[in-house]
Structure formats: C-alpha cells, structure tokens
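In: let's see this in three dimensions:
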Amino acid sequence: MVSYKTYSDAELISFLKLNDQRAYTEIFQRYWSGLFVYARKILRDDEDAEDCVQEVLTYIWNKRNELIVTSSVTSYLFTSVRHRAIDIINRKKRYNLYIDSLANFLEEGSSFTDEYIHEKELLQSILKVVAELPPRTKEIFMLSRFEQLSQKRIAELLSITDRTVKNQVSQALKILKLKLYLFLFLSLFEMLIVHKKGASKSIHKSAEISFSSASQFQ
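Out: Numbering: from 1, shown residues only. Predicted coordinates:
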C-alpha cells in the first residue's frame, strides 16, 4: 500500500475532492503544527489558535467537493488561518466592546428610578442566562444577536449548516424567554409587595395624623 506521505499537496487535494479521508488525514497531520504556531503568533492564545486551525481544516473537509485552490496548498491554508484569526480577533473586540458598554451602563451612579433599577437587573439577568448556555449554543447566539451576523455567515464561520444555526438560536431564545419570564414575574411580585407595604405605611401615617388632629380639639 502506497503511503500518502509520498503524495504531493496537489495530489492530496485531488484525492480529497473524491472524498478520500486518508488524504484529508495526511493534510491534517502535515500542516497542523505549522498552522497552530502561525495562529498562536497572531492570537496569542493556545485555545483560540487551536480552534482557529480546527475550523479551517474542518472547513476544507466540509467543502471538499467545492474546494478551489488557485495557489499552493501551503499558501491557501496559511492565508485561511490568517483570515480566520482576524475574524476571531474582531469577534472578541466587538463582544468586549458590548460587555464594556453594558458594564458602564450597569455601574453608572446610584440615584435612579425603580424602573431603571429593574432595567439594570434585567440586563444582568440576560447576561447571566447567556453565560450559562451550552458553549456552542452561546457562541452561535452571540454571533447572531450581539454581532448581528446572518445565519449563512455563522454557518460558514463555524463550518456547520444553516439549519443548525437556526436550531441553536431558537433553542437559546427558548431558554432566555423561560428564565426571563420567571425574572419578570418575580420582579412584578416584588413590586406588588413594595407597593402594598407603601400603601400600608401611608394609611398608618394618615391614621396617626387624624388621631393627632383629633386630640388637639379635645
């Protein structure tokens, strides 16, 4: 049996387009380390670099029948990794800007109306629920709602189908709605309790004033 290590990159790509898994495995093993080091230099994070390379290599397998490599395979892969790394950096920047903006909003001053306080609590609850979503669901939901990417773009970035994106966003929204409905119910219940206590104090105070006024005429 001929070892796939003897084939050129161009031959491996040809085999790959014929659904040859061994060709893909050889490309993976041949380039993984170099691509990881390259991604690590850009991203400065091992986990992000690993995800970046994995996404690129997964993409070429998923799109193997449509793959068009006009330059060398080496150039194609390293260019793909660079573009994906830049996407990751921009994604993080947008998310961090959103979080910083939201944090500033939540931490502004202390003299606010009850409505504003409840809005702050609602935003905190939303962030908490999003943070507790399953990792993949959270990633897709953030890309969809925080970065406002289309289903098609998210599918391309994560090498998944449009349907998977749609299902994951739908699942995230169901979880959010369920937990936020509970939050709103508890907030409303709390407001009713506070309102009743306020009304009770007002009645009690009015009674005291009436009693005091009556005493003056005795």
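In: domains of the chain?
Out: Using automatic domain parsing, the domain parsing of the chain gives 1-85, 109-193.
In: out of the ones you listed, which gets nearest to K93?
Out: domain 109-193 (10.3 Å; Cβ to Cβ). Glycine gets a C-beta too; all of them are placed from N, C-alpha and C.
In: so for the closest one, mean pLDDT?
Out: For domain 109-193, mean pLDDT is 73.
In: from now on call the first residue 758
Out: Taking 758 as the first residue, the last one we looked at is domain 866-950.
In: where does L935 fall, secondary structure wise?
Out: If you go by DSSP states H and E, L935 is part of helix 919-973.
In: what's the neighbour count on N822?
Out: 9 (other Cβ atoms under 10 Å).
In: what's the answer for A796, then?
Out: 27.
In: now do the nearest residue to it once chain neighbours are set aside against I845, distance only.
Out: Once flanking residues are discounted, A796 sits nearest to A806: 3.9 Å by Cβ to Cβ, 6 or more residues apart in numbering. Taking Cβ to Cβ, to the nearest Å as the measure, A806 falls 9 Å from I845.
In: repeat that for S882.
Out: Distance, S882 to I845, by Cβ to Cβ: 28 Å.
In: one more: W818?
Out: Distance from W818 to I845, by Cβ to Cβ: 20 Å.
In: which one's more surrounded, those two?
Out: Using other Cβ under 10 Å as the criterion, W818 and I845 rank with I845 on top: 20 against 16.
In: now do the buried residues in stretch 882-901.
Out: S882, V886, V887, L890, T894, K895, E896, I897, F898, M899, L900, S901 (16 or more other Cβ atoms under 10 Å).
In: just the pLDDT at D857, thanks.
Out: Per-residue confidence (pLDDT) for D857: 56.
In: the one 5 residues further on now?
Out: Confidence at F862, expressed as pLDDT, is 47.
In: any shared contact partners between A806 and I845?
Out: Residues touching both A806 and I845 (Cβ atoms under 8 Å, 6 or more residues apart in numbering): L800.
In: contacting residues for Y833?
Out: Neighbour list for Y833: V826, T827 [criterion: Cβ under 8 Å, 6+ apart].
In: what's the spacing between it and Y788?
Out: 10 Å.
In: tell me the contacts of L900?
Out: R848, L906, R910, I911, L914.
In: what backbone torsions are found at E889?
Out: phi -90, psi 0 (degrees, to the nearest 10).
In: cool, K762 as well?
Out: phi -70, psi -20.
In: what about it, how many neighbours?
Out: With other Cβ under 10 Å as criterion, K762 counts 9.
In: same check, this time on the one 3 residues further on
Out: By the criterion of other Cβ under 10 Å, S765 has 9 neighbours.
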